[in-house]
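**Student:** let's see this in three dimensions:
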Amino acid sequence: MAKSGRAAPSAATTAAKALQDGLVVASHGRHCIVETPSGERLICHPRGKKSQAVVGDRVRWQPSEDEGTIEQVLPRRNLFYRQDEIRTKSFAANLDHVLILIAAEPEFSEHQLARALIAAEAERIAPIIALNKSDLIEPFERAWARLAPYRRMHHGVLPLSLKASAEADHASLMKLLAGKCTLVLGPSGSGKSTLTNLLVPGADVLTQEISQALNSGKHTTTSTTWYWIDEARSTGLIDSPGFQEFGLNHIAPMQLAGLMPDIAEHAGDCKFYNCTHLHEPGCGVIANVETAEAPGAISASRYRIYGELFAELSQKRY
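**Tutor:** Next up, the predicted model:
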């Protein structure tokens, strides 16, 4: 009688052992660049017709000649994205911070700033607002005044002068980012590329190499890309394309107040539990909105944005 022994490994077990861990550091279409724990980067293709992986995802992949196949996207802590009537645009996953970079010039949109903050709040990602071009004295003073409601909230606002490369600004920013994974977000012209090149010397060269590998054309920021700020690879910076619109169709109207800290602070003081904070008597929010006659904890501009977003999100979606 044959001696009993260990059963031969199954095909599934063998395949599982062949899987390797990786971090998605760039993507374009159906192709991704995955970084291994040793720092090697290679092109990977998704298993199936549609890629589910985004920058910041931890994945399990299988080698295939000089490239690889993504077999599994590991569970995410969060996913920062925007959604309009037509499509969903994912920026990055597993974030510690979203750094929203705006500038004194050109004038920033408070509406777009509020939308980005709401999207971050919905995923429980800590936001950092940075106002660039502090060297432009008068425009900066005007922009700083417009940001007073945000400076009163827990977000805070970080003044920057990237053009002047102020060492104090650089040090303050590095202290906030150290050991974290941060997505840099902002409209075109805010200084995102300048910021990336300041924190990651040689970023242009790396971006060009990634673009050539992915066949994505020009090396301007047309896709989201991960950079390491430090040699120890403990501090990640993710650069993203500029945007003109930021849809919030994934947010329910009645969820909105809880995602705006200045509104949420007074939403519990309303007479009715299902208060929309738009017209109801005994509304704690309305009672705290500033007017021409009296100051208030909620700025008129923030309350107007809340009302406009509530109306937008309440429209029937097809």
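**Student:** which element is residue 114 on?
**Tutor:** Secondary structure assignment for residue 114, by DSSP states H and E: helix 110-122.
**Student:** buried sites along the helix or strand just after that helix?
**Tutor:** Later in the chain than helix 110-122, the nearest helix or strand by DSSP H and E is strand 126-132. Buried positions in strand 126-132, judged by neighbour count with 16 or more other C-beta atoms under 10 Å: 126-132. Glycine gets a C-beta too; all of them are placed from N, C-alpha and C.
**Student:** contacts for strand 126-132?
**Tutor:** Residues external to strand 126-132 that are found in contact with it (C-beta atoms under 8 Å, 6 or more residues apart in numbering): 96-104, 113, 116-117, 120-121, 140, 143-144, 147, 150, 155-162, 173, 176, 182, 190-191, 195.
**Student:** again, but for stretch 254-270
**Tutor:** Residues contacting stretch 254-270 (C-beta under 8 Å, 6+ apart): 114, 117-118, 121-122, 149, 152-155, 251, 274-277, 280, 282-285, 287-288, 297-299, 302-303, 306, 309-310, 313.
**Student:** only the buried subset of these, as a ChimeraX command please.
**Tutor:** Applying 16+ other C-beta under 10 Å to these, the buried members can be selected in ChimeraX as follows:
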select :114,117,118,121,122,149,153,155,251,275,276,277,283,284,285,288,298,299,302,303,306,309,310,313
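**Student:** picking that back up, and the contacts of strand 126-132, which of them are in strands?
**Tutor:** 97-103, 157-159, 182 (DSSP state E).
**Student:** just give me the closest of those to residue 80.
**Tutor:** The nearest member of those to residue 80, counting by C-beta to C-beta, is residue 98 at 6.1 Å.
**Student:** which residues touch that closest one?
**Tutor:** 80, 116, 120, 125-128, 182-183, 185.
**Student:** that one and residue 271, how far apart?
**Tutor:** 35 Å (C-beta to C-beta, to the nearest Å).
**Student:** quick check: the gap between residue 254 and residue 78.
**Tutor:** Between residue 254 and residue 78 the computed distance is 22 Å (C-beta to C-beta).
**Student:** equivalent analysis for residue 125, please.
**Tutor:** 6 Å.
**Student:** and for residue 246?
**Tutor:** Counting by C-beta to C-beta, the gap from residue 246 to residue 78 is 17 Å.
**Student:** those two: who's more crowded?
**Tutor:** In this view residue 246 and residue 78 are compared by other C-beta atoms under 10 Å, and residue 246 has more residues nearby, 20 against 17.
**Student:** enumerate every residue touching the residue lying closest to that one once chain neighbours are set aside.
**Tutor:** In space, and not counting its chain neighbours, residue 246 is closest to residue 115: 4.1 Å by C-beta to C-beta, 6 or more residues apart in numbering. By C-beta under 8 Å, 6+ apart, residue 115 lies in contact with 82, 246-248, 309.
**Student:** looking at those residues, which are in strands?
**Tutor:** residue 82.
**Student:** re the thing from before, what sits in contact with each of residue 125 and residue 78?
**Tutor:** Common neighbours of residue 125 and residue 78 are listed as residue 95 (criterion: C-beta under 8 Å, 6+ apart).
**Student:** closest one of the contacts of residue 98 to residue 167?
**Tutor:** Distances from residue 167 to those, taken by C-beta to C-beta, are shortest for residue 128, at 19.0 Å.
**Student:** what bridges to that closest one?
**Tutor:** Beta bridges link residue 128 to residue 99, judged by DSSP bridges.
**Student:** strands of the chain, start to end?
**Tutor:** So, for the chain - with DSSP E - the strands run 20-28, 31-35, 41-46, 58-64, 67-73, 79-83, 88-93, 97-103, 126-132, 157-159, 181-185, 225-228, 236-239.
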